[in-house]
Each structure stands twice: as C-alpha cells, then as structure tokens.
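Enquirer: need the 3D shape of this:
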Amino acid sequence: MKNGEHEFTATVRWSGNRGQGTHTYRGYDRTWDIATDSKVIVHCSNDPLLGGDPTKHNPEDLLLASLSSCHMLWYLHLASSAGIVIHGYCDNPIGVGETLSNGAGRFLRATLRPSIVVSKGSDLKLATELHHEVHKYCFIARSVNFPVTYEASFEEIEK
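Expert: Sure thing, here's the model as predicted:
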C-alpha cells in the first residue's frame, strides 16, 4: 500500500435466498447483512420503490447517512478548532435521485440541513462558512460525483 493509504473492510452477505436462489426473478429477496469487525450487523434491503423492505436500510439511505455523518464529524472538528462551541447537531439531509427507463439510477444532488446548537455570541458567519470548508476534508464528500449543498440553521444557547 502507498504511504498514506488505508483500507476499509466489510462483509456483505446476501440473506434473501428463499430456498431456490435466483431461479426466478421474483423468487428471492433483495436483502443482505453488512458486518464489519466486531460491530453490530446492519440488516439491509433494496429501496422500497423497488419492492424492498421499508423497515431496513437501503444503499441510498446508507450513502446519504454516510455523507451527512462524515460532514458532521469534520464540521465539529473545524468548529472546535475555530473556537465555536457546538452543543448539539442534528441533520435531516435530503438526497434527490433519478431512475432511468432502463432501471439505472443515480443521485443528482444532496442537501445537508443540519440544525446546530451553539454557545450564545458565537460567530454565526464563521459557523456557516465552515460548512463549505468541510468538503475539502470529508472522505465521503470528496468521493461522490454529485453536488452537495448546505442549509444549516443555528440556535444559540447560554452555556
């Protein structure tokens, strides 16, 4: 491995065999489990629009959550370094995708919409600008090929 490179691993195991494998297109479930070293197993399904189980995470959910989580972690780091004290952070991101007539799909864009609780008197202009700095560092944001925008809101509290 080159200097500075690191690996990420996971085990993805299909769990949707109803007994006859993929003998027929409708004869198997689109479910699987994700396992990573000594962590809780995540049970997944495809998008409910494609007949998936709506109670399980799908790849689109996981990508959007990964993007949001990576952004949050870098934002907290940058805010801390800038002297902005964060007391709460909750994001409700929206991803917009398209599906073509042949079934191929992709994300067109994502908007991160974090609600951030900061100490009263924080520099909200700087706190807002930091969102645009995150894209320089976030592993996930630097890896996607669709635009990511930010619509942050702030609440100031006495602490």
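
Enquirer: domains for the protein, by residue range?
Expert: 11-50, 59-157 (automatic domain parsing).

Enquirer: how about residues contacting the longest strand along the chain?
Expert: Using DSSP state E, we find that the single longest strand of the chain is strand 105-112. Outside strand 105-112, the residues that touch it by CB atoms under 8 Å, 6 or more residues apart in numbering are 60, 63-64, 67-68, 71, 91, 93-99, 131, 144, 146-152. For glycine as for every other residue, the C-beta is placed from the backbone atoms N, C-alpha and C.

Enquirer: of the residues you listed, keep whichever come out buried.
Expert: When these are checked for burial by 16 or more other CB atoms under 10 Å, the buried set is 63-64, 67-68, 71, 91, 93, 95, 97, 131, 148, 150, 152.

Enquirer: in strands, which of those fall?
Expert: 91, 95, 97, 148, 150.

Enquirer: just give me the closest of these to residue 122.
Expert: Taking CB to CB as the measure, residue 122 lies nearest residue 150 of these, at 16.9 Å.

Enquirer: rewinding a little: using JSON lines, lay out the buried ones among the contacts of strand 105-112 together with distance to residue 31 and pLDDT.
Expert: Output for those, formatted as JSON lines (distance: CB to CB, whole Å; pLDDT from 0 to 100):
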{"residue": "63", "distance to residue 31": "18", "pLDDT": "96"}
{"residue": "64", "distance to residue 31": "20", "pLDDT": "96"}
{"residue": "67", "distance to residue 31": "23", "pLDDT": "97"}
{"residue": "68", "distance to residue 31": "24", "pLDDT": "97"}
{"residue": "71", "distance to residue 31": "29", "pLDDT": "97"}
{"residue": "91", "distance to residue 31": "27", "pLDDT": "97"}
{"residue": "93", "distance to residue 31": "24", "pLDDT": "97"}
{"residue": "95", "distance to residue 31": "21", "pLDDT": "97"}
{"residue": "97", "distance to residue 31": "21", "pLDDT": "94"}
{"residue": "131", "distance to residue 31": "36", "pLDDT": "94"}
{"residue": "148", "distance to residue 31": "29", "pLDDT": "95"}
{"residue": "150", "distance to residue 31": "33", "pLDDT": "94"}
{"residue": "152", "distance to residue 31": "35", "pLDDT": "96"}
